[in-house]
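# What follows is a predicted protein model with its sequence.
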Amino acid sequence: MNSFNNSISKTTFSLTTPLYYVNGLPHIGSAYTTMIADVIARWQRLCGNEVLFVTGTDEHGQKIQRTAEQGGIEPQIHCDRIAASFRDLWEKLNIQYDRFSRTTAKNHDAIVKEFFEIVWTQNDIYLDQQQGWYCVACEEFKEKRELLEDGCCPTHTNLKAEWRDEQNYFFRLSRYQQALEELYQSNPDFIQPETRRNEVLNFVKQGLQDFSISRVNVSWGFPIPNDPNHTIYVWFDALLGYITALLDENEAPTLENALKKWYPFNLHLIGKDILRFHAVYWPAMLMSANLPLPQQVFGHGFLTKDGQKMGKTLGNTLDPFSLLDKYGSDAVRYYFLKEIEFGKDGDFNETRFVNILNADLANDLGNLLNRSLGMLNKYCGGVLPPILGKNIPDENNVKQIGETLKYRFPEAYKIYKFHLVCEDALILVRNCNKFIDETAPWSLYKKGEQKEVEKILYTVLESVRFSAFILAPIIPNVSNKIYHQLGYNFDFNQKDLGVKTYIDRGHFEWGILPLNQNLPKASPVFVKLEPPITIDS
Ligand code: MSP
């Protein structure tokens, strides 16, 4: 039976990255979530599904207000500059997002207001006194016990939490304790991975407390309807940015319009530090407004650099712009997708980066294509032999691997095990290299065993094609080069390519390379990287 039928069916898929704070230039942490989201979006499209991929920026609140003040510029000008740099980065990283949601966009105000009023009507908002420690970098109140001895929060160890004692509007989160517990029970996949789900279950078990959704003394945000002394809390505003993103351009900004097509979201991709907001506060807010809930919240791990924690507020970030200028988008995407088990923490180290890229893409994959195309030229006049996958004996080890991969890799994409996708493709590639060494087509050719030589070259070239297809959502440019050298005019950066592959499902399987196709001359698909000296941080 066709693996494709088992695991994929044509449908729509909507997903989001967090809306990134614009308190500084984008760093590799934001790039990480976005590249994963892009891989998922590309995979979904490749399967022929209709996809809406939302990213954007979170631009209100005290943190942004202070940053703009410190820079001596108007907050909006500051936000415009930083939002533009996010867009630049996504272009460099070859991100194919569909919507870029900005919380200062003019249609967002109306959505926030409408939502706030529904929640207000539900009697889920009330005025009370808020006392507590506030971490401006997290934009979150912290329990005293959550802070380190010096008064900083564990995520922002160079910024002390500030004491607040003010009147705020509160959201009646406590009312949703039971409904949330039922949600987690009846939808075990709602929060993933399992470790994050457990964190949330433990947190909720302790008893949910109402949280404040307004601030005084923060002017950079939306005023609370009917009480302009208060500004809507940045998180309440930002989460709704996901919904605003669903509005078509120039469409009247109403919830009804926003929710009509892509809602509810299939996936919110986030980092583990903002899990509570997405897995507890957000579903409760939606329940209050009587709106359907997202299907899944996936909280990934944190990146470290050379074993050390990094972050905007800590000031030891790895600059994704220089990384991309130096190595290109495919290399960066491959490293983070292959080297980090999605969901767990992972480290960036430049030497390791170069070694992995050179080993996997330049040597194993690139050289394999190069040497096999070289042989095809020499032994078969540069024309694909008149062979089909079914003519290759079933005992052929490479064919066997190829045939199992057709089941494995869609499943790996489906459960976000991207490192396994990469490993699987590489297993195929490495076995091909071994296969060539063992069968020595050059000696067979000398002995006049042309048919055998052709079978070997077919097996290998088809495996390179299949690996390129498997890896296309991760390294689309390399996959393009491979496909072109195998005589296809595919463009994996074309957004509606999936429609073609959806119809022509053969690409998802091993054994489809067309016969008698004339191939162009080989050229390197991935140029070997120089060992690192240093890179800006
Ligand atoms: N503005 C909020 C999100 C609002 S969503 C409606 C926010 N922004 S953020 O810019 O601070 O963080 C965005 C994402 O970057 C989060 O998912 C966070 O986990 C992620 N990362 C920040 N530092 C990171 C690493 N060092 N490693 C991996 N991801 C990290 O929170």
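Received, thanks. Residues are numbered from 1 along each chain as shown.
# give me the low-pLDDT residue ranges for the stretch 301-450 of the chain?
Within the stretch 301-450 of the chain, the stretches with pLDDT under 70 are 311-315.
# What ranges does the stretch 201-350 of the chain have for its helices?
Taking DSSP state H, counting those that start in this stretch to define them, one finds helices in the stretch 201-350 of the chain at 234-239, 241-244, 255-258, 275-276, 282-288, 320-327, 329-339, 350-357.
# Could you check how many residues crowd around Thr33?
When neighbours are defined as other CB atoms under 10 Å, Thr33 has 19 of them. C-beta coordinates here come from the backbone N, C-alpha and C atoms, glycine included.
# Which of the helices or strands spans it?
Assigned by DSSP states H and E, Thr33 belongs to helix 28-46.
# Kindly calculate the angle that that helix makes with helix 329-339.
Here the directions of helix 28-46 and helix 329-339 differ by 90 degrees (axes from the mean of the first three to the mean of the last three CA atoms, to 10 degrees).
# Please identify the buried residues of helix 28-46?
By 16 or more other CB atoms under 10 Å, the buried positions in helix 28-46 come out as 28-46.
# Next, work out how far apart Ile456 and Val39 are.
For Ile456, the distance to Val39 equals 32 Å [CB to CB, to the nearest Å].
# Filter the buried residues of helix 28-46 to keep only those in contact with the ligand.
Near the ligand, judged by CB under 6 Å from any ligand atom, the entries from these are 29-30, 32-33.
# Tell me the residues on the chain that lie near the ligand, please.
18-21, 29-30, 32-33, 58, 238-239, 241, 270-271, 273-274, 302-303, 310-311.
# Filter these down to just the buried residues.
18-21, 29-30, 32-33, 58, 238-239, 241, 270-271, 273-274, 302-303, 310-311.
# Low-confidence regions, the chain specifically.
In the chain (pLDDT under 70), the answer is 1-10, 311-315, 502-503, 534-537.
# re earlier: now, which of the ones next to the ligand among the buried residues of helix 28-46 sits nearest Tyr281?
Thr33 (18.8 Å; CB to CB).
# I'd guessed the closest one sits against Pro18; true?
Yes: with contact defined as CB atoms under 8 Å, Thr33 counts as touching Pro18 (6.4 Å).
# ok, now which ones touch the residue in the chain that the ligand sits nearest to?
Residue of the chain nearest the ligand, by CB to the nearest ligand atom: Gly271 (1.7 Å). With contact set as CB atoms under 8 Å, 6 or more residues apart in numbering, Gly271 has these partners: 18, 29, 33, 299-302.
# Give me the helices and strands touching the helix or strand just after the helix holding Thr33, please.
Using DSSP H and E, the helix or strand that directly follows helix 28-46 along the chain is strand 50-58. Judged by 3 or more CB pairs under 8 Å, 6 or more residues apart in numbering; DSSP states H and E, strand 50-58 is in contact with strand 12-21, helix 28-46, helix 75-92, strand 99-102, helix 241-244.
# So in that sheet, which strands flank strand 50-58, and in what orientation?
strand 12-21 (parallel), strand 99-102 (parallel) (DSSP bridges).
# where does the shortest one sit relative to the chain's centre, distance-wise?
If you compare the mean C-alpha spot of strand 99-102 with that of the full chain, they lie 16 Å apart, counting by CA atoms, centre = their mean, to the nearest Å.
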